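Visitor: when you get a sec, could you give me coordinates for this:
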Amino acid sequence: MMEHQAKKLEQLVKQNETKKGKKTRFVAITSGKGGVGKSTISSNLAYYLAQNGLNVGIFDADIGLANLDVMFNVKIKKNILHVLRGEASVSEILVPVTRNLILIPGESGDEILKYSNQTLFEQFVQEAQVLDKLDIMLIDTGAGIGEHIRMFLEAADDIVVVTVPDPAAITDAYATIKSIATFRNDIGMVLNMVKSQKEAQNIFAKIKKVADANIEGGLQLELLGKIENDAKVASSIKQRELFVKLYPSSTATKDIAKIAYNISNKVEQNMLVEPNESGLSGLFKRLMGHF
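Guide: Prediction:
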């Protein structure tokens, strides 16, 4: 099954390369509360997509709890704020993780919004064109529904809400979904640390039932996948390694493969769009709407 999905991903990549008008697809990964494995999923998903031929960027917007550098076992010296202050170029802050995968050390939305100097921003957009060939950019946001997090969510093409089978986490996930539903009606979900596919589907069904009954506007809630409880995930975190890299045959890696396939289908659909919002510069053109 996993090999089948990997081949499907490769086919999508080849199709994308033959099309003109490629545009980066922005996927925000968020959660209602911390500690649900959001960054673990983001980093492993980014690596898996990159290993299967997509050009991937991952933007660490979870400032205060920024830990993607730990996940990828790389060192970060400067972040996006240094660029916006004119203290570094875009190329100086980019961290190559592996083939086709770039880590972009970010900052929280409220900090970014303090730097609205038009000249600096235009220079930034010009420099950021080095990332315009990205097929997908994952945005690892902070947890909750604060205004600066909403800024990234509104800029994204897709939003993925991560939760676990804990009543408090599920409640917070629903609150996040309800907040997101005020500005869009399509939201994806990933259930982490579940015992089985059945448990994931049951939890998703309950959330969807409550959402359908209480949220107007025809909300389209989609289960993009689940990650089963797997001791290898905890083991990989202790070793500061990605589980998809360390344990390619694990249950968790197979689960990531399914999620990657579902997301890559959306990337394929995106290739027909005019490429006026590509890469990091494209993301910030969207964020400029908040200045």
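Visitor: so what's the closest residue to residue 172 other than its chain neighbours up against?
Guide: Of all residues not flanking residue 172 in the chain, residue 32 sits nearest, at 2.8 Å (C-beta to C-beta, 6 or more residues apart in numbering). All C-beta atoms are positioned from the backbone trio N, CA, C, and that covers glycine. By C-beta atoms under 8 Å, 6 or more residues apart in numbering, the residues touching residue 32 are 143, 144, 145, 161, 163, 169, 171, 172, 173, 174, 175, 176.
Visitor: got a list of what the fourth one touches?
Guide: Contact analysis of residue 161 by C-beta under 8 Å, 6+ apart lists 30, 31, 32, 173, 176, 177, 180, 187, 188, 189, 190.
Visitor: model confidence over the lengthiest helix in the chain, on average?
Guide: The longest helix of the chain (DSSP state H) is helix 251-270. Looking at helix 251-270 alone, the average pLDDT works out to 89.
Visitor: over to stretch 192-202?
Guide: On average, the pLDDT along stretch 192-202 is 98.
Visitor: give the buried residues for that stretch.
Guide: Within stretch 192-202, the residues that count as buried by 16 or more other C-beta atoms under 10 Å are 192, 193, 194, 199, 200.
Visitor: can you check stretch 231-238 too?
Guide: The neighbour-count criterion (16+ other C-beta under 10 Å) identifies 233, 236 as the buried residues of stretch 231-238.
Visitor: residues contacting that stretch, please?
Guide: 37, 40, 227, 242, 243, 245, 246, 247, 250, 251, 252.
Visitor: among these, who's most crowded?
Guide: residue 227 (28 neighbours; other C-beta atoms under 10 Å).
Visitor: where does pLDDT dip in the stretch 1-150 of the chain?
Guide: Low-confidence segments of the stretch 1-150 of the chain, defined by pLDDT under 70: 1-22, 63-66, 107-125.
Visitor: tell me, how many residues neighbour residue 136?
Guide: The local packing of residue 136 (other C-beta under 10 Å) involves 25 other residues.
Visitor: am I right that residue 59 falls within a strand?
Guide: Yes - per DSSP: H, G, I helix; E, B strand; the rest coil, residue 59 lies within a strand segment.
Visitor: tell me if I'm right that it and residue 102 touch.
Guide: No - contact status for residue 59 versus residue 102: not in contact, 9.5 Å apart, counting by C-beta atoms under 8 Å.
Visitor: chain neighbours aside, what residue packs nearest to residue 156?
Guide: Counting by C-beta to C-beta, 6+ apart, the residue nearest residue 156 is residue 28, at 3.7 Å.
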